[in-house]
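A.B. asks: what would the 3D arrangement of this be:
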Amino acid sequence: MLFKTSFTALVVASLAVFSTYTPQAEAHSWMDCVDWKFNNAKTQDWSDKGGKCQGYARRFPLGKKFASLDSASPNRHYRQPKKNPNSYPCSDRKHGEERGSDETRASPVEKAYGGKYGRMTTTTVGDTLCVRWPAKNHATKDEENHPVFINLSKVRDGKDISQKELTANNIAKLNYKNCNSKFPNQDQRACGGCFKVPVRASGVYLLQWRWLLNANVNEWYTSCADVRIGPKSKNEADWEVKDLYRGLVPTGLIETWKQLFTTTKWIATIMVTKFVSRIEEFGRTKIWNKQCEDTVAWEKSVGITFMSKRAGGRNGDRGHQRSVGDFSDLKGRRLLATEIQEGRRAADYRETCIAQQVTQELG
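C.D. replies: This next block holds a predicted model:
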């Protein structure tokens, strides 16, 4: 009788345990958002209450609960082929250990965005992008922490490049376990990381989110997105090569140099200044001086001398008019100090030409 009572109590207790147990499905992750904007940048809350997504992966469905797309049809977690993880960087729904959703490049590229899909990411060089992903029970202490690789193609407005090329163009390694620590559900914890947009010419580029779950079996997961990158700043004035010939140092070139060579702004400023100095010297010695020499030779061939030009400047004969020095342009607008300085530099060059002509005549 005692045995029967004890057995009954054990069965009841076991049923009670199983009735209160909620299974934790172990799934695999994906890039939920490409351009996450925090409500408060200081707190960096990755949950839906902490911000809003402004850019998505290719054909990312809207209106779905966060972290629920592992059970959707098709699901979002694409696992690259085990035997050759360097093949098919983006899911085509035909290859891979887990085929995921169609993330091939659309033609035109805008067809993969808008309507039932999330918007395409638009950013600028030097801007900060924050990507988000669900933990899916892999951000716990007992899990190995493999980084998330952010790879950005250098091919502008072109077809998708290979996985090897994307790997060679890695721009950031993010901490997979950078998640909202207070959220109790390990499966639906929101995680993410931020990075700077590197130097690229204006255009659309392929961005890949890539994460290794298990190194022993080449278990790689990826998500792909198109990112439209614009100039560094809408307010930054454009500059041309001719500005370098004048010895002008664009501030945008300093920032570009800094990012391109991964150095400090101070070193970048010194290097760009030296670079521009060499360009200006080349323009002066190889272009301007050559033009001066050709002009002097031509004037000499047609009988125009330094003395005739000076005489023409006094009385207006032969079309030689002396320039005035009221520091205004043809419309009477007062010139800026920088314009005056450039004018004086041009005058110095002109005097060099005159000196060369006088030397030839006296010689």
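A.B. asks: give me the number of residues near the residue lying closest to G55 once chain neighbours are set aside?
C.D. replies: Among residues not flanking G55 along the chain, T121 sits closest, at 2.8 Å (C-beta to C-beta, 6 or more residues apart in numbering). Glycine gets a C-beta too; all of them are placed from N, C-alpha and C. T121 is flanked by 25 other residues according to other C-beta atoms under 10 Å.
A.B. asks: low pLDDT regions in the protein?
C.D. replies: 1-27, 232-239, 259, 306-363 (pLDDT under 70).
A.B. asks: can I see the domain layout of it?
C.D. replies: Domains of the chain are assigned by automatic domain parsing as 24-230, 241-362.
A.B. asks: highest mean neighbour count out of those domains?
C.D. replies: Ranked by mean neighbour count, the domains of the chain are led by domain 24-230 with a mean of 18 (mean count of other C-beta atoms under 10 Å).
A.B. asks: gap between that domain and the chain center?
C.D. replies: How far domain 24-230 lies from its chain's middle: 16 Å, per C-alpha atoms, centre = their mean, to the nearest Å.
A.B. asks: where's the closest residue to S101 other than its chain neighbours relative to R132, distance?
C.D. replies: Counting by C-beta to C-beta, 6+ apart, P74 is the residue found nearest to S101 once chain neighbours are left out, at 4.6 Å. Look at P74 and R132: by C-beta to C-beta, to the nearest Å, they are 20 Å apart.
A.B. asks: Validate this expectation: C191 resides in a strand.
C.D. replies: Yes - counting by DSSP: H, G, I helix; E, B strand; the rest coil, C191 falls inside a strand.
A.B. asks: wait, what's in contact with it?
C.D. replies: W46, R132, W133, P134, A135, A139, Y176, K177, N178, C179, N180 (C-beta atoms under 8 Å, 6 or more residues apart in numbering).
A.B. asks: kindly recompute the last result at 10 Å.
C.D. replies: 29, 32, 46, 131-136, 138-139, 148, 174-180, 183 (C-beta atoms under 10 Å, 6 or more residues apart in numbering).
A.B. asks: and those residues, which of them are in helices?
C.D. replies: The helices in this structure, assigned by DSSP state H, contain none of these.
A.B. asks: keep only those of these that are in strands.
C.D. replies: Those of the contacts of C191 mapping onto strands are V131, R132, W133, P134, V148, L174, per DSSP state E.
A.B. asks: now for these: which two are most distant?
C.D. replies: Distance extremes for these: the farthest pair is P134 and L174 at 14.3 Å, using C-beta to C-beta.
A.B. asks: tell me the contacts of the most centrally placed residue in the chain?
C.D. replies: By C-alpha atoms, centre = their mean, the chain has its centre lying nearest to V197, at 3.0 Å. Residues in contact with V197, defined by C-beta under 10 Å, 6+ apart, are 121, 123-129, 152, 171, 205, 207, 227, 229-230, 232, 259.
A.B. asks: hmm, try it at 7 Å
C.D. replies: T123, T124, V125, G126, D127, L129, I229 (C-beta atoms under 7 Å, 6 or more residues apart in numbering).
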